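# what's the 3D shape of this:
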Amino acid sequence: MTNYTYIASTEFINNLTFDYVETYSFQRGTEFEENRKLIQAEYDQLKVKKEKLDNLPTDEEVRFLELNGLLGFTQYLLNDKGQFHPSSKRTNIFNHNDSNIDRIKNILLTEINEIPRWMCAPVYRDALVFYKANKIITTLNVCLSCQYMETKMFNHINGDYKTYDLFKRFFIDIGHDVEDPEYFPLDDIDKLKQKK
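You can find the predicted model right below:
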């Protein structure tokens, strides 16, 4: 049985002791998209072969499972073996006394008035990695499109709509190439509220 956990972003950051944070961008860019097409084609060929033969040679089965792990599931910055996603690029390191750490904390401390409930599956492209004594203590995978956060599979972090807009502005400011950099859903929500 799968254990799902849901905690508030405020609880997440208030219970976290760390020395520094690294930021990452992944699953984006031309190189990633081109590589994804190549591995999708390889995966499709192996899948057809597996269905026809009802089995694959050991080396091809290993590769099939590896590709399935990259294509068939939600991708996180770290896999279950603690390995970074092959497309990940570290963008920044912020020591505990850096003003960007305060900004991250303030974003996660945003009061939760309404949790986004989009029907899309998250595609994580931005992430934070929290370290204590040079050891990873947790990650925070952020999907700005679906407005979703997880530390790892099934460990959800709830945030307000505003949390995601603030994170989007933060990631833009530190150099991430976010999707739709001019669009902020909170602007639309505010317009709807004003019409009422």
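
# helices and strands around the helix or strand bottoming out on mean pLDDT in the chain, which ones?
For the chain, using mean pLDDT, DSSP states H and E, the weakest element among its helices and strands is helix 185-195, scoring a mean of 73. Judged by 3 or more Cβ pairs under 8 Å, 6 or more residues apart in numbering; DSSP states H and E, the packing partners of helix 185-195 are helix 161-173. C-beta: built from backbone N, CA, C; applies to glycine.

# Counting neighbours, which bits of the helix it packs on end up buried?
161-168, 170-171 (16 or more other Cβ atoms under 10 Å).

# Residue 165 is in contact with residue 185, isn't it?
Yes. Here residue 165 reaches residue 185: they are 6.7 Å apart, a contact under Cβ atoms under 8 Å.

# pLDDT below threshold where in the protein?
1, 196 (pLDDT under 70).

# where along it do the helices fall?
Assigned by DSSP state H, the helices in the chain fall at 9-14, 30-53, 58-71, 99-108, 161-173, 185-195.

# As TSV, those helices with distance to residue 149 would be great.
Shown next, in TSV, are the helices of the chain (distance: least, Cβ to Cβ, whole Å):
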stretch	distance to residue 149
helix 9-14	7
helix 30-53	21
helix 58-71	21
helix 99-108	9
helix 161-173	8
helix 185-195	15
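
# and among the ones you listed, the most buried is which?
helix 161-173 (a mean of 20; mean count of other Cβ atoms under 10 Å).

# what's the angle from that one to helix 99-108?
Helix 161-173 runs at 160 degrees relative to helix 99-108, counting by axes from the mean of the first three to the mean of the last three Cα atoms, to 10 degrees.

# Can you list the helices and strands that helix 161-173 packs against?
Counting by 3+ Cβ pairs under 8 Å, 6+ apart, helix 161-173 packs on helix 99-108, strand 135-143, helix 185-195.

# Please identify the buried residues of stretch 10-28?
In stretch 10-28, counting by 16+ other Cβ under 10 Å, buried: 10, 12-13, 18, 20-28.

# of all the helices of the chain, which lies closest to residue 116?
When those are ranked by distance to residue 116, counting by Cβ to Cβ, first place goes to helix 161-173 at 5.5 Å.

# Any chance you could give me the closest one in PDB, C-alpha atoms only?
What follows is helix 161-173, C-alpha atoms only, in PDB (Å, rounded to 0.1, in the frame of the first residue of the first chain):
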ATOM      1  CA  TYR A 161      -1.500  29.900  -5.400                       C
ATOM      2  CA  LYS A 162       0.700  32.800  -4.300                       C
ATOM      3  CA  THR A 163       3.500  30.500  -3.300                       C
ATOM      4  CA  TYR A 164       3.900  29.300  -6.900                       C
ATOM      5  CA  ASP A 165       3.800  32.800  -8.400                       C
ATOM      6  CA  LEU A 166       6.500  33.900  -5.900                       C
ATOM      7  CA  PHE A 167       8.600  30.800  -6.700                       C
ATOM      8  CA  LYS A 168       8.200  31.600 -10.400                       C
ATOM      9  CA  ARG A 169       9.500  35.100  -9.900                       C
ATOM     10  CA  PHE A 170      12.300  33.700  -7.800                       C
ATOM     11  CA  PHE A 171      13.400  31.200 -10.400                       C
ATOM     12  CA  ILE A 172      13.300  33.800 -13.100                       C
ATOM     13  CA  ASP A 173      15.400  36.200 -11.000                       C
END
